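Trainee: okay, predicted coordinates and the sequence, questions at the end:
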Amino acid sequence: DAGVIQSPRHEVTEMGQEVTLRCKPISGHNSLFWYRQTMMRGLELLIYFNNNVPIDDSGMPEDRFSAKMPNASFSTLKIQPSEPRDSAVYFCASRPLTTSYEQYFGPGTRLTVT
Amino acid sequence: KNEVEQSPQNLTAQEGEFITINCSYSVGISALHWLQQHPGGGIVSLFMLSSGKKKHGRLIATINIQEKHSSLHITASHPRDSAVYICAVRSSSNTGKLIFGQGTTLQVKP
C-alpha cells in the first residue's frame, strides 16, 4: 500500500495566488482529515470528512479556505487568495473503516507564500 | 489553558538513557494517540490507546483514565529516537477530531 499521498510536496507562491493541495487517502479508509502545522500553533485540524461528507470544518481559518472530497479517493484543500500567514505544512490523514481511531498521515505539503 | 499539555517541551538525553514524556488532558476522551515526527517532517502514529499499557519494541505507552494522564517511555534511547513526540486525544464529545499537544522535542546524543 502506498499510504496517504499528497501533492505537491512543496509549493512556493506569491501572495494573492490560488493554491490547491491534493490528497489521496489509503484505499478503503472512510475518514479524511486536513491539518495545518505551524511553529506558533503546532498541529491544528482544519476540516474532517466522513464518507466524503464534511463533518467538522470549524478549524477552517476563514472563507479563503475551502475543501472538497468529490469521491472516496481524492480530496483538495484550496486557498484563494493566499496570504503569507498561510505558510505552513499541510498534512492530510485518513482513517480506516473499522472501530480503530488510528490515523495515517501523508508526508505533508510545505507551503510558502511570499 | 490548553486541553492537552505535554511535558517537558524539550528534552536532551544521552544515548542509553530511559526517557519519559508526559501528557495531561482536561477533556473526556475515547482514545489517546502518541505520534512521532522526524526532522524530515513525516508524522508516524506510534500508539493509540484507551486504557492500560502498550509496548512496541523499546517504546511503552501508558494511560490512566482517572487521572487524565499518559506517559510515553523510551528504553535504551538511541540518537535515531531524536524527533518531536506529539500527544493527541480524541474527544469523546465529537465524531473524530483530534486535539493535539504542543509536542516534545527530544534530542538523544551519542
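Mentor: That came in fine, so what should we check first? Every value quoted in this text rests on a predicted model; they were computed, and no experiment measured them. Numbers count the residues shown, from 1 in each chain, chains lettered A, B, ... in the order given.

Trainee: hey, let's count contacts and neighbours off CA atoms from now on
Mentor: OK.

Trainee: show the contacting residues for residue 81.
Mentor: You didn't pick a chain, so chain A it is. A:Met15, A:Gly16, A:Gln17, A:Glu18, A:Val19, A:Arg64 (C-alpha atoms under 8 Å, 6 or more residues apart in numbering or on different chains).

Trainee: look at chain B instead
Mentor: By C-alpha under 8 Å, 6+ apart, the contact set of B:Asp81 is B:Leu106, B:Gln107, B:Val108.

Trainee: distance check, A:Ala67 against A:Cys23.
Mentor: 11 Å (C-alpha to C-alpha, to the nearest Å).

Trainee: in contact with B:Leu49, which residues?
Mentor: By C-alpha under 8 Å, 6+ apart, the residues touching B:Leu49 are B:Ala31, B:Leu32, B:His33, B:Thr62, B:Ile63.

Trainee: identify the residue nearest the closest residue to chain A within chain B in space, chain neighbours excluded?
Mentor: Closest residue of chain B to chain A, C-alpha to the nearest C-alpha: B:Gly42 (5.1 Å). Once flanking residues are discounted, B:Gly42 sits nearest to A:Pro107: 5.1 Å by C-alpha to C-alpha, 6 or more residues apart in numbering or on different chains.

Trainee: pull out the buried members of the contacts of A:Pro81.
Mentor: Neighbour-count burial within the contacts of A:Pro81 applies to A:Met15, A:Val19; the criterion is 16 or more other C-alpha atoms under 10 Å in any protein chain shown.

Trainee: would you pull up the residue in chain A closest to chain B?
Mentor: For chain A, the residue closest to chain B is A:Pro107, as judged by C-alpha to the nearest C-alpha, at 5.1 Å.

Trainee: count of residues packed around that residue?
Mentor: Other residues lying near A:Pro107 total 22 when counted by other C-alpha atoms under 10 Å in any protein chain shown.

Trainee: and the residue lying closest to B:Arg58 once chain neighbours are set aside, what does it touch?
Mentor: Spatial nearest neighbour of B:Arg58, excluding adjacent residues (C-alpha to C-alpha, 6+ apart): B:Thr75 at 5.2 Å. Shown in contact with B:Thr75 (C-alpha under 8 Å, 6+ apart): B:Gly16, B:Glu17, B:Phe18, B:Ile19, B:Arg58, B:Leu59.

Trainee: of all the residues you listed, which comes closest to A:Gly59?
Mentor: Closest approach between the contacts of B:Thr75 and A:Gly59, by C-alpha to C-alpha: B:Leu59, at 31.9 Å.

Trainee: could you check the pLDDT of the closest one?
Mentor: Note on B:Leu59: pLDDT of 96.

Trainee: give me the sheet partners of the helix or strand hosting A:Ser66 and which way each runs.
Mentor: A:Ser66 is part of strand A:65-71, with elements assigned from DSSP states H and E. Sheet pairing of strand A:65-71 (DSSP bridges) gives strand A:74-79 (antiparallel).

Trainee: count of neighbours near B:Gly52?
Mentor: Neighbour count of B:Gly52, defined by other C-alpha under 10 Å: 11.
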